[in-house]
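Chemist: 3D model of this:
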Amino acid sequence: MRDVQLARVAERHGVATAYEDWRGRRVPVSPDTIRHVLAALGVDPATPDTPDRGPLPPAVVLREGKAPDLVLPGGARSVVETSDGSLLPFDPGLPLGVHTLRVTDGGAEHDAPLLVVPDRVEPSALRDNPRLWGVMAQIYSVRSRASWGTGDLRDLAELADWSSRDLGADFALINPVHATEPLPPVEPSPYLPVSRRYASPLYIRIEDVPEYARLDPAQREGIQRLARPLRERGRTADLLDRDSVWKAKRSALEVLFEVPRAPGREASLRAYLEHEGRSLVEFATWAALAEEYGTDYRAWPGHLRDVRAPGVGEEARRRWPTVEFHRWLQWVLDEQLAQAQTTAENGGMGVGIVHDLAIGVQAGGADAWMYGGALVPGLHAGAPPDEFNQQGQDWGQPPWHPRRLAELGYGPFRQILAQALRHAGGVRIDHVMGMFRLWCVPEGASAAEGTYVRFDHEGMVGTLALAAHRADAVVVGEDLGTVEPWVREHLADRGVLGTSVLWFEQDAAGEPRAPGQWRTDCLATVATHDLPPVASFLSTEHVELRDRLGLLDRPVEDERADAEARVERWRELLVELGLLDEGVDPVADPAAVVAAMHAYLVATPARMVGVALTDVVGDRRMQNQPGTCDEYPNWRIPLTNGEGEPVLVDELLADPRMVARIRRTLGPVGGGRGRTL
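Modeler: Residues are numbered from 1 along each chain as shown. Predicted coordinates for the structure are as follows:
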């Protein structure tokens, strides 16, 4: 009886008691996990009924032009207070935006956020072009002779300009550039930031800050002394050293911060600070406090753990020069992010930069401090076991609280999306299924001992659609792994493209799909940043790596045999389609296979095609091996060719042989502007 009541309470609060795994098997969730998740959500499993919250849900979401389906009690009166203060009836015709629904019922007044959102995301780039194609890159790994050991926003601008002008690319999809720690050590994973609301100063090109030109020769020489050893290391294939880079860049930026700004520059800074308002003050305050107390606010003195506590304001005033420095850094980043997008557009890109939005943030970081009321402490977001991560994944990130986020009108999520799209033509949503349900792991449990928690997808996807509409942006959802079929249908109906990866596109018998069987509404790629480059996949090096790291749950011989069989099935299909010569040895000539695979992608009806820069230059090392931390140098791999030699942006720009090789590799991938390689 107790288990029946537990199941009822779990169902009421969107906590799954069982789920279907990647093999299609039903897996029950342990009662202990269910109780832990409910408790973290603030629910007492022993209480069968929820408190009366009145006639309104936490938030009301209405698609533009559609009649409300919310049923109010008889006799209740309603009115909508719009974002500009107008009062309108609660019916179709309400303007897009975030408003307030007010209901009077029996003398009691109730209100809830009302989101009026687009029915579909319909960006002009997709309306005007039958297909878009672009490059995909981990921009920190894409260096130049001028960058300071890791790729920066100038390198991104030059990569976008080159790939557009020389190759006809429509977009450049990059890793998240979210904010990192204010002092070393710097977390290497771009998917584990301290904040998604703001960006990482690691990506600043120091010499592009206008105040650099106002330095005297001695000051400029001092900054260049900081840069030289980093540039020298950046011309090698050595692992990336973010700590050294940030230490040097911070020293240089502190010098630039003290340089008097021209009147126009000062006015621009003040306008930016006013636009960002309280959010930027809070973020900069977190950074200033983190420099003294560490980057996990949960370990700070008690009077500083609540962002709105009086002691926080006092500490901020005491550290105001440091707070101002961190606010200034975000302004500099905003300028350089804007310049990267402008350069991409001026080069002819139909979309430009597509930023990646990570699924979450560090549990003790800035966003967790700023938006703590909308997050769930005690739970970690992750993923259940699947084919490539057979022990499951624990990302160590607190999930959104479904009800509290809705009660805030999805405000924190709206702010984060606005930042991602501020200087971009599109956004990729990592693990987009998290807008529907998210695998939540109790702290201290294994990644496999979690369960799914459901979200109001109308609110989450509607918020995304509203942000994309305002930015006229393309939206791509990473919908790989265990996904309920209706989720993909809903996203397609709303204009959100999915992600289709060549290695995963197979039928029920495990055979590769013919190109015509692919879906249209997707970004088609050969692989992702969590999968091996093509050269490694073809040689099954990735199997040996996972075996060495202890990530397999069956004999390595079986895993290798399956990988070799998969490669052979794809080789046979490419030969059958006339895209690959029969005599080509995939291991000996991976470039030929890469070209054939991208020709295959072009033969699909996919609206977008993404080409990984790693595959273009023949890189063999994985950027990230899921399921590892220190066992593998995740996110620290510089861009190299098949021989392990570094590849710099300068070489891509200046070497016609490199362009010719890339053209041969990409084959018939066509630009949305009618240009074909």
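Chemist: For the residue nearest to residue 325 when sequence neighbours are not counted, what are phi and psi?
Modeler: Nearest non-adjacent residue to residue 325, counting by Cβ to Cβ, 6 or more residues apart in numbering: residue 257, 5.5 Å away. All C-beta spots, glycine's among them, are computed from the backbone N, C-alpha and C. Main-chain torsions, residue 257, degrees, to the nearest 10: phi -60, psi -30.
Chemist: contacting residues for residue 482?
Modeler: Listed by Cβ atoms under 8 Å, 6 or more residues apart in numbering, the contact set of residue 482 reads 19-22, 383-384, 386, 433.
Chemist: Mind checking what secondary structure it has?
Modeler: Using DSSP: H, G, I helix; E, B strand; the rest coil, the secondary structure recorded for residue 482 is coil.
Chemist: Might one say that the residue nearest to residue 325 is in contact with residue 326?
Modeler: No. Counting by Cβ atoms under 8 Å, residue 257 sits too far from residue 326 to count as a contact (10.0 Å).
Chemist: higher neighbour count, the two?
Modeler: Applying other Cβ atoms under 10 Å to residue 257 and residue 326 shows that residue 326 carries more neighbours, namely 25 against 17.
Chemist: where's that one relative to residue 316, distance?
Modeler: 11 Å (Cβ to Cβ, to the nearest Å).
Chemist: Name the residues contacting each of those two.
Modeler: Common neighbours of residue 326 and residue 316 (Cβ under 8 Å, 6+ apart) are residue 288.
Chemist: phi, psi of the nearest residue to residue 392 once chain neighbours are set aside?
Modeler: In space, and not counting its chain neighbours, residue 392 is closest to residue 447: 3.3 Å by Cβ to Cβ, 6+ apart. Torsion angles at residue 447 (phi, psi; degrees, to the nearest 10) stand at phi -60, psi -30.
Chemist: Test my guess that residue 447 contacts residue 381.
Modeler: No. The pair formed by residue 447 and residue 381 falls short of the contact definition of Cβ under 8 Å, at 10.5 Å.
Chemist: And the protein, split by domain according to the record?
Modeler: What automatic domain parsing lists as the domains of the chain is 60-117, 129-360+647-677.
Chemist: just how off-centre is the first one within its chain?
Modeler: Here the centre of mass of C-alpha atoms in domain 60-117, compared against the chain's by Cα atoms, centre = their mean, to the nearest Å, lies 32 Å away.
Chemist: mean confidence score for it?
Modeler: For domain 60-117, mean pLDDT is 93.
Chemist: With the last one instead?
Modeler: What domain 129-360+647-677 shows for mean pLDDT is 94.
Chemist: Other residues contacting stretch 517-526?
Modeler: 136, 173, 428, 476, 488, 491-492, 495, 497-503, 505, 507, 534, 594, 597-598, 601, 604-612, 615.
Chemist: Name the helix or strand for residue 75, please.
Modeler: In the assignment (DSSP states H and E), residue 75 maps to no helix and no strand.
Chemist: mind checking how far it is from residue 114?
Modeler: Distance of residue 75 to residue 114, given as Cβ to Cβ: 21 Å.
Chemist: again with residue 121
Modeler: 20 Å.
Chemist: who has more neighbours, those two?
Modeler: residue 114 (26 against 22).
Chemist: The helix or strand hosting that one packs against which elements?
Modeler: Using DSSP H and E, residue 114 sits within strand 108-117. Applying 3 or more Cβ pairs under 8 Å, 6 or more residues apart in numbering; DSSP states H and E, one finds that strand 108-117 makes contact with strand 60-63, strand 97-105, helix 402-407, helix 457-471.
Chemist: Perfect, that will be all.
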